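Visitor: Sequence and predicted structure below; questions after.
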Amino acid sequence: MKYLNYRILLRREPEGGYTVTVPLLPGCVTYGETIDEAIAMAREAIELYIEDLREKGEDIPTEEGLLEYTLTVEAHA
């Protein structure tokens, strides 16, 4: 069995809970009431997304070779 790693982003929502996006998988978005639930929902969403790609015979994106950097810029209001 091959394991793939995907970066997820959790955004706290004003009404509560967390929206999760998977930057490498366009449209792969889910939600959980808690961080643990959001992560579990993200795992399920990623697995379903990959399953759908396989069924369509499409390539499965990986984060291999991806570099991540956080850039800080000054914002003038």
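Guide: Happy to help now that I have it.

Visitor: Do you have the strands of this protein handy? List them.
Guide: Listed in chain order, the strands of the chain (DSSP state E) span 9-12, 18-21, 29-32.

Visitor: Quick check: which of the ones you listed is nearest to Leu53?
Guide: Closest approach to Leu53 among these is made by strand 29-32 (16.1 Å; CB to CB). The way it works is simple: take the backbone N, C-alpha and C, and place the C-beta from them, glycine included.

Visitor: Output the closest one in PDB with nothing but the alpha carbons.
Guide: C-alpha atoms of strand 29-32 as PDB (Å, rounded to 0.1, in the frame of the first residue of the first chain):
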ATOM      1  CA  VAL A  29     -13.400  21.300   0.800                       C
ATOM      2  CA  THR A  30     -15.000  20.000   4.000                       C
ATOM      3  CA  TYR A  31     -16.000  21.100   7.500                       C
ATOM      4  CA  GLY A  32     -15.900  19.900  11.100                       C
END
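
Visitor: can you count the residues close to the nearest residue to Val29 once chain neighbours are set aside?
Guide: If the residues on either side of it in the chain are set aside, Val29 comes closest to Thr21, at 5.2 Å by CB to CB, 6 or more residues apart in numbering. When neighbours are defined as other CB atoms under 10 Å, Thr21 has 18 of them.

Visitor: Surely Thr21 is in contact with Arg7?
Guide: No. Using CB atoms under 8 Å, Thr21 makes no contact with Arg7, being 9.7 Å away.
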